[in-house]
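Undergrad: Structure for this input, please:
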Amino acid sequence: MAEPNIVSVEVEELEDAYGSVPRDSQTTYDPSKSSNAPHIWRLIFAITFIGLGAVAGFQFGLLLIGVIKGSNWQQGSFLSYWKELLIGSSMVIPVQEIAFGIIGGLLTYLLAALVFDRLIRFGEGLKRMAPADKVAIFIGLVSGLLLTALLSPFTLHIPSIGVMVTLVVAVMLSYLGVAAATSMKDDIRWALPTQAVTPGDEKPDRAISTYKILDTNVIIDGRITDICRTGFIEGPVYVPGFVLDELQHIADSSDALKRARGRRGLDILNQMRSEMPLIVRSLDSRADYQGVDEVDAKLVKLAKKLEGMIVTNDFNLNKVAELQGVTVLNINELANALKPVVLPGEEMHVTVIKEGKEMNQGIAYLDDGTMIVIEGARRRIGENLSVIVSSVLQTVAGKMIFATLRQDEDEDDDRNGDQGTRGYTGSRPRRPLR
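TA: Numbers count the residues shown, from 1 in each chain. You can find the predicted model right below:
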């Protein structure tokens, strides 16, 4: 009964080692809990926004009261009553302005939280952004601010709201400048870093920085550890939280075989954690999984959001991901590509394991699992034979080799077969010995 507790401890150790976010993969990202967003900066940002909102509200109240006092409203209406109240009392005007200032401060405080969270997300994105994109954004911002400076003599002279109009124009032009610069970064490559001279030069850097997202099957398979150890997979390796949850669910299964598979997967993750950088669960909230329950579908959504690659050995997941434009690294395809090349006419030494489907065939296997069909080896099960490759057949499931016995092996087989029959005298039929 204590076995599930051991599994839970292993999962918690994996998460605690990397400061993972809460278990719910749909939890909203909270920048205030990130080490990159200290509370002091949030407080400064909020105070600044509240001050700007209060000043803007005060100015708006002053403008509105001035409009009301200078207008001609119909006698007896509510607005005319308010005008008389404003003109008749010297204490009402400051109270009204202060009230507008407080309302402006409250509204900007609510806006500050949203803007600050967006800024934090933007900062996290800048850290992962390619140098060429950063330079393009800088050029776009500078271009937008220069255009704002050229237009400011006209916008600042607008009565009462000149400053606000100038700020809005600055934001709009900066956004348009960034959008234009990033779309034309190939045309302005003279201003970009040297490693991004041509579009083709960016591909190796992107491949290295792209997240390699592991699925459940490839973790349980275990070969991913050796592949990562040899350096064939570069860049950050990511284990989604829902994959870790599925592993724990398998490890807690009542079925002994499933339980062993799940624990093997958790052991492999612990081994990978001790040998290489491993990111667990912390990026799950970037994708929207609403209405999606299957792990494979969540993997595809997350890979598309992160622009990452899925590492798997699942044939069906491979096809589904490729149909949706997600790059897949299939370790089975890698294994097939690394199998030794066998050419017709080559000699091999193999051990016959079992009988083949056809008459007089024997079956043997290479160390990598490739099946060899040997003609004339049906009666040589358990023997180590020298065979000659006759043909090689490549199928979807893998490679199949057809071979024949070497001539001296074939002669030995015929000789052994002759010893099992009596001599023919012509007076009676020949019968094999039993």
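Undergrad: Break this protein down into its structural domains.
TA: Listed domain ranges for the chain are 3-16+210-337, 31-192, 347-418 (source: automatic domain parsing).
Undergrad: Dump those into TSV; add mean pLDDT and mean neighbour count as well.
TA: Where you see a C-beta, it was placed from the backbone N, CA and C, and this is true even at glycine. Shown next, in TSV, are those (pLDDT from 0 to 100; neighbours: other C-beta atoms under 10 Å):
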stretch	mean pLDDT	mean neighbour count
domain 3-16+210-337	86	17
domain 31-192	71	15
domain 347-418	83	15
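Undergrad: Please, where are all the strands along this protein?
TA: Counting by DSSP state E, one finds strands in the chain at the ranges 212-214, 237-239, 278-280, 309-312, 327-330, 347-351, 354-355, 361-365, 371-375, 384-394, 399-405.
Undergrad: So in that sheet, which strands flank the first one, and in what orientation?
TA: Read it as strand 212-214. Sheet pairing here is set by DSSP bridges, and for strand 212-214 it gives strand 237-239 (parallel), strand 309-312 (parallel).
Undergrad: between those strands, which one is nearest to residue 287?
TA: Smallest distance to residue 287 across these (C-beta to C-beta): 12.0 Å, for strand 237-239.
Undergrad: what does the closest one contact?
TA: Here strand 237-239 makes contact (C-beta atoms under 8 Å, 6 or more residues apart in numbering) with 14, 211-214, 219, 228, 269, 272, 276-281, 283, 306, 308, 311.
Undergrad: what do you get if the cut-off is 6 Å, keeping everything else the same?
TA: For strand 237-239, contacts defined as C-beta atoms under 6 Å, 6 or more residues apart in numbering pick out 211-214, 278-280.
Undergrad: now the residues you listed in TSV, with distance to residue 362?
TA: Shown next, in TSV, are those (distance: C-beta to C-beta, whole Å):
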residue	distance to residue 362
211	47
212	42
213	43
214	39
278	45
279	49
280	48
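Undergrad: what's the closest of those residues to residue 367?
TA: Nearest to residue 367 among these, with distances taken as C-beta to C-beta, is residue 214, at 26.1 Å.
Undergrad: Can I get stretch 165-183 in PDB, CA atoms only?
TA: Extracted C-alpha coordinates of stretch 165-183, given in PDB (Å, rounded to 0.1, in the frame of the first residue of the first chain):
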ATOM      1  CA  VAL A 165      -2.700  62.700 -27.900                       C
ATOM      2  CA  THR A 166       1.100  62.800 -28.200                       C
ATOM      3  CA  LEU A 167       1.400  59.700 -25.900                       C
ATOM      4  CA  VAL A 168      -1.200  57.800 -27.900                       C
ATOM      5  CA  VAL A 169       0.600  58.700 -31.200                       C
ATOM      6  CA  ALA A 170       3.900  57.600 -29.800                       C
ATOM      7  CA  VAL A 171       2.500  54.200 -28.800                       C
ATOM      8  CA  MET A 172       0.800  53.700 -32.100                       C
ATOM      9  CA  LEU A 173       3.900  54.700 -34.200                       C
ATOM     10  CA  SER A 174       6.200  52.600 -32.000                       C
ATOM     11  CA  TYR A 175       4.000  49.500 -32.500                       C
ATOM     12  CA  LEU A 176       3.900  50.100 -36.300                       C
ATOM     13  CA  GLY A 177       7.600  50.700 -36.400                       C
ATOM     14  CA  VAL A 178       8.300  47.400 -34.600                       C
ATOM     15  CA  ALA A 179       5.900  45.400 -36.800                       C
ATOM     16  CA  ALA A 180       7.500  46.900 -39.900                       C
ATOM     17  CA  ALA A 181      11.100  46.300 -38.800                       C
ATOM     18  CA  THR A 182      10.500  42.700 -37.800                       C
ATOM     19  CA  SER A 183       8.800  41.900 -41.100                       C
END
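Undergrad: hey, where'd the helices end up in the stretch 51-200 of the chain?
TA: Using DSSP state H, counting those that start in this stretch, the helices of the stretch 51-200 of the chain run over 78-88, 92-128, 131-155, 162-183, 199-209.
Undergrad: Check which helices and strands the second one sits against.
TA: Helix 92-128 sits against helix 39-69, with contacts defined as 3 or more C-beta pairs under 6 Å, 6 or more residues apart in numbering; DSSP states H and E.
Undergrad: switch to 10 Å and redo it
TA: Judged by 3 or more C-beta pairs under 10 Å, 6 or more residues apart in numbering; DSSP states H and E, the packing partners of helix 92-128 are helix 39-69, helix 78-88, helix 131-155.
Undergrad: on that earlier part again, which among the strands of the chain is found nearest to residue 101?
TA: The minimum distance between residue 101 and the strands of the chain falls on strand 278-280, with 46.5 Å, by C-beta to C-beta.
Undergrad: what are the pairing partners of the closest one, and which direction each?
TA: strand 237-239 (parallel).
Undergrad: Could I get the strands of the chain in CSV, plus columns for distance to residue 287?
TA: Putting the strands of the chain into CSV (distance: least, C-beta to C-beta, whole Å) gives the following:
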stretch, distance to residue 287
strand 212-214, 11
strand 237-239, 12
strand 278-280, 15
strand 309-312, 13
strand 327-330, 16
strand 347-351, 49
strand 354-355, 48
strand 361-365, 42
strand 371-375, 41
strand 384-394, 37
strand 399-405, 38
